[in-house]
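Q: Sequence and predicted structure, then a few things I'm wondering about:
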Amino acid sequence: MSVSITFTDAAKRALASIVAQSERQLKLAFDTDGCGCLVDGVPALWLVDKADDDDVAVETNFAPVLVERSRLIFFDEAMTIDLKPGTTVFQLKSPGQTLNGHMPLVEVKSGHER
């Protein structure tokens with residue numbers, strides 16, 4: 001399955017300086033920490049040092065985003081990352097649903113889940 005990720009202008013403005021000043025990469029993760037099992041989780045936006053072995057880079061209209069190949073099944077084919085109005089958190093949406101309406105950018109050390 002392939003995914004398409006588009007950033008809104010608001011999201012690009014919010015992330016531009018962070019990505020430009022950092023040698024880190026954006027990662028769209030399916031965070032299962034504290035969720036009980038691997039199929040219970042929530043999409044999360046991470047800033048990571050490097051790609052993990054299972055990560056694939058998805059080209060976007062902003063910067064490449066890493067996604068774990070084994071977790072692609074949990075995402076929709078076409079997704080948009082937007083900035084939640086009046087906040088510093090992001091939203092992950094697809095044409096049919098909001099996948100995560102309150103998604104902060106989390107810095108994660110490589111090789112470690114949050």
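A: Yep, that arrived. Residues are numbered from 1 along each chain as shown.

Q: for this structure, what are the low-confidence residue spans?
A: Applying pLDDT under 70 to the predicted model, the residue ranges of the chain that meet it are 1, 32-40, 110-114.

Q: the strands in it, which residues?
A: Remark: strands assigned in the chain by DSSP state E are 4-7, 25-31, 42-48, 55-58, 65-68, 78-83, 90-94, 97-103, 105-108.

Q: Need the residues that contact the first one.
A: So the one you mean is strand 4-7. With Cβ atoms under 8 Å, 6 or more residues apart in numbering as the test, strand 4-7 has contacts from 15, 28, 58, 60-62, 65, 77-82. No exception for glycine: its C-beta is placed from N, CA and C like everyone else's.

Q: ok, 7 Å please
A: Surrounding strand 4-7, the residues in contact under the criterion Cβ atoms under 7 Å, 6 or more residues apart in numbering are Leu28, Val58, Thr60, Asn61, Phe62, Val65, Glu77, Ala78, Met79, Thr80, Ile81.

Q: any chance of these in TSV, plus distance to Pro43 and neighbour count?
A: Shown next, in TSV, are the contacts of strand 4-7 (distance: Cβ to Cβ, whole Å; neighbours: other Cβ atoms under 10 Å):
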residue	distance to Pro43	neighbour count
Leu28	6	25
Val58	13	18
Thr60	15	19
Asn61	19	12
Phe62	17	18
Val65	11	22
Glu77	14	11
Ala78	14	13
Met79	9	22
Thr80	12	20
Ile81	10	27
